[in-house]
Each structure stands twice: as structure tokens, then as C-alpha cells.
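In: Build the 3D model from these lines:
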Amino acid sequence: MLNKVIKIVLVLALVALVAIQFIRPEKNNGGYESVALFEAETKPSVKVASILKESCYDCHSDQTQYPWYAEIAPASLWLADHIEEGKEHFNVSAWKNYTVKKKEHKLEELVEMVENGEMPLESYAIIHGNLSEEDRKLLLQWAGVARLQYKHQLEVSSN
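Out: The predicted structure follows:
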């Protein structure tokens with residue numbers, strides 16, 4: 001009796017797994033242009049631009065490079081949700097729509113998250129690797145300098 005129940009549960013699980021393969025989340029691929037303004041304004045070095053591309057843009061831009069498992073549900077659904085949430089918090093592809101104050105604040109949040117080890121997320125780092133200490137320092141230096149230009153603009157506009 002127990003074996004029959006286990007078999008039924010396994011068959012139903014298999015059917016559900018096959019059925020969810022037909023649920024295809026929309027891809028997040030806006031191309032390089034989607035980060036061009038952000039990079040033009042914040043002027044990352046070649047190394048920092050590489051760090052951003054490898055560790056940030058997948059979830060924080062319209063330029064996601066999907067891994068092979070992104071084609072398999074439920075991983076595809078989890079990734080789509082993860083990307084959507086990441087872009088809600090910080091989306092470099094929407095940089096042109098941010099006010100100067102919001103740009104400064106987003107860079108401030110980036111600094112805080114990287115300093116506190118909250119970015120990249122552990123779930124991302126497990127699969128893709130974490131930032132090296134050198135990469136972390138370079139990213140923080142760049143973000144600090146980039147923030148200064150927006151802080152200056154805010155000071156000038158308030159006077």
C-alpha cells in the first residue's frame with residue numbers, strides 16, 4: 001500500500017515537473033545600450049566595468065546573461081523572480097529615469113550592500129563565485145567617486 005502511494009506521488013511530481021516546463025518567463029535582454037548611460041555617467045574603469053558585467057548586471061540591468069539552467073523550471077521561474085526583484089531595488093538600465101538625488105542614493109546603497117557583504121547575494125555567489133577583496137575594494141572606490149559627482153550636483157542645485 002505504501003509503495004503504491006509513493007509511486008503515485010512520484011508520478012504526480014514528474015507530471016508537475018514536466019507541465020511547468022511550458023511556463024516560460026520573459027527574458028531580460030535589452031542589450032549593451034541598456035547600461036551605456038550608466039557607464040558614461042559613472043565612468044567605471046575597464047576592470048570595474050568588468051566586475052559590474054560579471055557580478056551585477058545579470059540582476060540589476062536589462063542585460064542578463066542566462067546560465068544553462070535558466071531554461072529548466074523551476075530554476076527559470078526562480079531566476080525571473082530574482083531578476084525582477086533585483087531591478088526593483090537598483091536598475092542601471094533605468095539610470096536615465098533616476099533623479100540626481102536617486103542616483104546618489106542608489107550608489108550609497110550599493111556601497112552599503114557591498115561593504116556589508118550583502119551583494120552579491122549568497123545564492124548568486126554560491127554558483128557564480130563571490131567578489132575578491134580586490135574587486136570589492138575597486139568597486140567601492142569607484143562607487144564612492146561616482147557618488148561625489150551627484151552629491152556635488154545636489155549641493156550646487158540647493159544653493
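In: what about the helices in the chain?
Out: Assigned by DSSP state H, the helices in the chain fall at 2-19, 33-42, 46-55, 57-60, 75-89, 100-115, 122-128, 133-158.
In: Kindly provide the distance from the residue nearest in space to the middle of the chain to Leu52.
Out: Nearest residue to the geometric centre of the chain (C-alpha atoms, centre = their mean): Cys59, 2.0 Å. For Cys59, the distance to Leu52 (C-beta to C-beta, to the nearest Å) stands at 11 Å. C-beta here means a position set from N, CA and C on the backbone, and glycine is covered the same way.
In: Any idea how many residues pack against Phe90?
Out: Under the neighbour criterion other C-beta atoms under 10 Å, Phe90 is assigned a count of 20.
In: list the contacts for it?
Out: Each residue near Phe90 by C-beta atoms under 8 Å, 6 or more residues apart in numbering is listed here: His60, Lys106, Glu109, Leu110.
In: residues in contact with the third one?
Out: It stands for Glu109. By C-beta under 8 Å, 6+ apart, Glu109 lies in contact with His89, Phe90.
In: One more pass at 7 Å, please.
Out: Contacts for Glu109 (C-beta atoms under 7 Å, 6 or more residues apart in numbering) come out as Phe90.
In: picking that back up, format the helices of the chain as CSV; extra columns: distance to Pro67 and mean pLDDT.
Out: Below are the helices of the chain laid out as CSV (distance: least, C-beta to C-beta, whole Å; pLDDT from 0 to 100):
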stretch, distance to Pro67, mean pLDDT
helix 2-19, 19, 79
helix 33-42, 19, 89
helix 46-55, 13, 94
helix 57-60, 9, 90
helix 75-89, 8, 88
helix 100-115, 22, 95
helix 122-128, 7, 78
helix 133-158, 20, 92
